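Engineer: Attaching a predicted model along with its sequence, questions to come.
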Amino acid sequence: MAEPGAYGPYGPYSRLREGLRAYLMIAAMWIRSTMAYRASFAMTTFGNFAATSFDFIAILLMFSQVDELGGYTMPQIAFLYGVVGVAFGLADLMIGSMDRLGTRVRDGTLDTLLVRPAPVLAQVAADKFALRRLGRITQGVLVLGYAVAVLDIAWTPLKVLMVPMMLLSGGLIFGAVFVAGGAFQFVAQDAAEVQNSFTYGGATFLQYPPTVFAKELVRGVTFILPLAFVNWVPALYVLGLPYPLDLPTWVAFTPPLVGAGCCALAGLAWRAGLRSYRSTGS
């Protein structure tokens, strides 16, 4: 007799365990494949590191001409940059393959994933797991370390704990955007560029302080697509700077809740998209 309840073989937690196991097995397979050519891995990782560094170089060039940007100093912007760089890098490493879902839907290769005894989301997320994306994370960590070292912040235990909280919560939020974008590709198919505008574009957007953007845009990324909770809202609390929308202080501690809510909504969108899939007919 099957074990009843959430922890039984047909319960949601059992499904979660299956998905995690499948994800780890597929990711490990791609990691072994990558490490078979270690010189190539080292070069592509360095290339990823160098390519992502150009965004920060552009900021450095700006500050060669000005002392502040939107009222923010170079180290303060480096703090924002480092947080979003690491948070997005984690999401990109773990689930960045979602942008290829449209190709699978279009050519029908998604059908092969549907017949395997593993959750489709886990298979798509781990597909072609690219360890070279560690270059982006490394670059973000270095910039964040520089910012923390030079900023004159009155550190408290709460502020110290907020730094890893921002990185993990930001990764959850970006991960949810990746999954929601993948769900959209069930309908649009050729929508990888649309998805990238919210993921890669969103990461670039958050590298700059909110004061350089119109308040309508800041409201949009705070209340509609809550990317501001990746770094702007909590980071400004750590830096002791006001948020442009005059939000209450306690909002700075809500990124984990925002991340969990975004993941729940993205999961619902994924389920709806997967149920709407009708194959290519070939």
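Structural biologist: On my side now, so go ahead.
Engineer: ok, residues contacting stretch 154-163?
Structural biologist: Outside stretch 154-163, the residues that touch it by C-beta atoms under 8 Å, 6 or more residues apart in numbering are 83, 148, 153, 234, 237-238, 240, 252-253. All C-beta spots, glycine's among them, are computed from the backbone N, C-alpha and C.
Engineer: among those, which two are most distant?
Structural biologist: Comparing every pair within the contacts of stretch 154-163 by C-beta to C-beta identifies Val148 and Phe253 as the most remote, at 19.6 Å.
Engineer: Neighbour-wise, give me the winner out of the contacts of stretch 154-163.
Structural biologist: Val83 (27 neighbours; other C-beta atoms under 10 Å).
Engineer: So what's the predicted local confidence for that residue?
Structural biologist: Val83 carries a pLDDT value of 97.
Engineer: The chain should start at 30 in everything you say after this.
Structural biologist: Shifting the count to begin at 30 puts that one at Val112.
Engineer: so what does whichever strand or helix holds it touch, helix or strand wise?
Structural biologist: Per DSSP states H and E, Val112 falls inside helix 103-124. Here helix 103-124 touches helix 67-92, helix 163-179, helix 186-217, helix 221-234, helix 261-268, going by 3 or more C-beta pairs under 8 Å, 6 or more residues apart in numbering; DSSP states H and E.
Engineer: okay, the contacts of stretch 183-192 in a markdown table with distance to Ala56 next?
Structural biologist: Shown next, in a markdown table, are the contacts of stretch 183-192 (distance: C-beta to C-beta, whole Å):
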| residue | distance to Ala56 |
| --- | --- |
| Val112 | 25 |
| Val177 | 30 |
| Ile182 | 36 |
| Pro263 | 29 |
| Tyr266 | 34 |
| Val267 | 32 |
| Gly269 | 40 |
| Ala281 | 33 |
| Phe282 | 32 |
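Engineer: Return the closest of those with respect to Phe213.
Structural biologist: Val112 (26.5 Å).
Engineer: List the contacts of the closest one.
Structural biologist: Val112 neighbours (C-beta under 8 Å, 6+ apart): 169, 173, 192, 195-196, 199, 259-260, 264.
Engineer: returning to that earlier point: the helices and strands packed on helix 103-124: which one's closest to Ala151?
Structural biologist: helix 186-217 (11.4 Å).
Engineer: distance between the closest one and the chain's centre?
Structural biologist: 5 Å (C-alpha atoms, centre = their mean, to the nearest Å).
Engineer: what angle do that helix and helix 163-179 make?
Structural biologist: 150 degrees (axes from the mean of the first three to the mean of the last three C-alpha atoms, to 10 degrees).
Engineer: Quick one: mean pLDDT over helix 186-217.
Structural biologist: The average pLDDT for helix 186-217 rounds to 93.
Engineer: Also stretch 270-283?
Structural biologist: Rounded mean pLDDT across stretch 270-283 is 93.
Engineer: quick revisit: just put the contacts of Val112 in a markdown table and tack on neighbour count.
Structural biologist: Listed next are the contacts of Val112 as a markdown table, based on neighbours: other C-beta atoms under 10 Å:
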| residue | neighbour count |
| --- | --- |
| Gly169 | 25 |
| Leu173 | 22 |
| Val192 | 18 |
| Met195 | 27 |
| Leu196 | 24 |
| Gly199 | 30 |
| Val259 | 31 |
| Asn260 | 30 |
| Ala264 | 26 |
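Engineer: Low-confidence stretches in the stretch 80-229 of the chain?
Structural biologist: Along the stretch 80-229 of the chain, no part satisfies pLDDT under 70.
Engineer: if you set the cut-off to 80 instead, what comes out?
Structural biologist: 217-221 (pLDDT under 80).
Engineer: residues touching the nearest residue to Phe227 once chain neighbours are set aside, list them.
Structural biologist: Closest residue in space to Phe227, ignoring its immediate chain neighbours: Val206 at 5.4 Å, by C-beta to C-beta, 6 or more residues apart in numbering. Counting by C-beta under 8 Å, 6+ apart, Val206 makes contact with 120, 224, 227-228, 231, 254, 256, 291, 295.
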